[in-house]
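Colleague: Okay, predicted coordinates and the sequence, questions at the end:
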Amino acid sequence: MSRFWSPFVKDLVPYVPGEQPKLDNLIKLNTNENPYGPSPRVIEAIEAQLGDSLRLYPAPNADDLKSIISRYYAVEPAQVFVGNGSDEVLAHVFHGLFQHAQPVLFPDISYSFYPVYCGLYGIQSETVSLAQDFTIRVEDYSRPNGGIIFPNPNAPTGILLGLDKIEQILQANQNSVVVVDEAYVDFGGNTAISLVNRYPNLLVTQTLSKSRSLAGLRVGLAVGHPDLIEALERIKNSFNSYPLDRLAIAGAVAAFEDEPYFQQTCAAVIDGRTALVNALEVLGFEVLPSAANFVFVRHPEKDAAEVALALREQRIIVRHFKLPRIDQFLRITVGTDQHIQALIKALGSLL
Ligand SMILES: *Cc1c(COP(=O)(O)O)cnc(C)c1O
């Protein structure tokens with residue numbers, strides 16, 4: 001703290017990202033990155049940008065990217081917003097689409113950035129407890145609110161909520177914006193984008209960080225009614241006109257163009273998840289049903305923090321949250337077959 005800080009900065013409680021250690025030979029299963037690299041066409045597209053054109057500003061509205069996303073999801077370009085990672089998109093959502101005087105609702109076990117944005121923008125919030133089995137109870141979202149947000153599949157549980165249940169939430173909340181954060185939807189869920197034309201209060205956010213293996217490029221998107229998108233554009237153009245640089249736009253367009261690579265790598269992650277779940281269950285772990293590229297597990301006899309520490313000594317990093325209800329769980333990202341084998345071997349020897 002310093003006397004130069006504004007009172008506002010003094011009171012901020014920032015998000016703490018999963019660590020990105022600078023060690024070699026590490027099996028990194030802590031931040032849900034994709035173990036398969038991005039499409040070779042993405043690399044080519046980015047390389048093609050490396051030249052004189054970098055002296056020019058990028059397209060302020062990333063129209064090429066919005067256009068391919070709108071075709072991909074069969075919506076209008078005016079229904080698409082893009083930002084510097086879905087975290088930035090979510091920040092603008094909290095700022096521009098949630099009513100600040102009424103509490104925004106999100107699950108008690110959920111993405112830990114949501115309360116941070118509430119703090120940043122001075123938004124009231126209320127957490128809604130997940131059921132005992134960690135599923136979302138839709139009937140608990142029928143109370144006055146300034147907006148609703150939840151990941152689907154949820155993080156860090158991995159549990160998927162059906163589109164019929166999402167419609168129940170939308171129908172009960174026609175006067176507030178409902179945001180479905182689909183960071184992991186490509187690993188086994190159905191996107192709620194199919195509902196945006198029927199629900200003007202629905203906004204769906206996605207990221208290229210997980211299923212398209214581009215966490216380092218920072219591209220996220222939102223799809224919804226043009227009025228919702230316009231609010232996000234107003235915020236964006238009052239903050240940073242160029243959130244996506246030339247490399248990010250070119251790489252993201254190429255990622256949507258290479259559908260076969262996307263399908264192939266998603267299928268490989270899903271197969272890896274099945275293998276990982278089976279092996280963990282053989283070792284006695286309880287595994288929540290996951291539709292994501294990670295699993296959320298607990299062992300009836302072993303302390304989660306101790307297991308995480310022991311794995312770390314073997315250069316395998318998983319995520320442990322020291323939080324109520326889930327402090328005996330570990331979140332483990334689905335890696336390659338070799339990562340999974342190494343993890344299972346390490347767990348087998350320490351159990
Ligand atoms: C990873 C993640 C994000 C953020 O993705 P970026 O596009 O990398 O900012 C948003 N929501 C959830 C639930 C996530 O897990």
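Modeller: On my side now, so go ahead.
Colleague: Burial check on the residue in the stretch 251-351 of the chain positioned nearest to the ligand, number of neighbours?
Modeller: Per C-beta to the nearest ligand atom, A292 is where the stretch 251-351 of the chain lies closest to the ligand, at 8.4 Å. All C-beta atoms are positioned from the backbone trio N, CA, C, and that covers glycine. Close neighbours of A292, defined as other C-beta atoms under 10 Å, add up to 32.
Colleague: Wait, it touches A155, no?
Modeller: Yes: with contact defined as C-beta atoms under 8 Å, A292 counts as touching A155 (6.9 Å).
Colleague: Name the residues contacting each of those two.
Modeller: 32, 184 (C-beta atoms under 8 Å, 6 or more residues apart in numbering).
Colleague: ok so, going back, can you pull the contacts of the residue of the stretch 251-351 of the chain closest to the ligand?
Modeller: 32, 153, 155, 158, 184, 187-188.
Colleague: will you turn the residues you listed into a markdown table that also has pLDDT and secondary structure?
Modeller: Listed next are these as a markdown table, based on pLDDT from 0 to 100; DSSP: H, G, I helix; E, B strand; the rest coil:
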| residue | pLDDT | secondary structure |
| --- | --- | --- |
| N32 | 97 | coil |
| P153 | 98 | coil |
| A155 | 97 | coil |
| G158 | 98 | coil |
| Y184 | 98 | coil |
| F187 | 98 | helix |
| G188 | 96 | coil |
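Colleague: Just give the closest residue to D63, not the sequence neighbours.
Modeller: Closest residue to D63 in three dimensions, ignoring its sequence neighbours and counting by C-beta to C-beta, 6 or more residues apart in numbering: P77, at 7.3 Å.
Colleague: how about the residues of this protein that lie near the ligand?
Modeller: 85-87, 111, 151, 155, 181, 183, 207, 209, 215, 220 (C-beta under 6 Å from any ligand atom).
Colleague: out of those residues, which is most surrounded?
Modeller: In terms of neighbours by other C-beta under 10 Å, those top out with D181 at 29 neighbours.
Colleague: isn't it right next to K210, touching?
Modeller: No: using C-beta under 8 Å as the test, D181 is too far from K210 to be in contact (11.5 Å).
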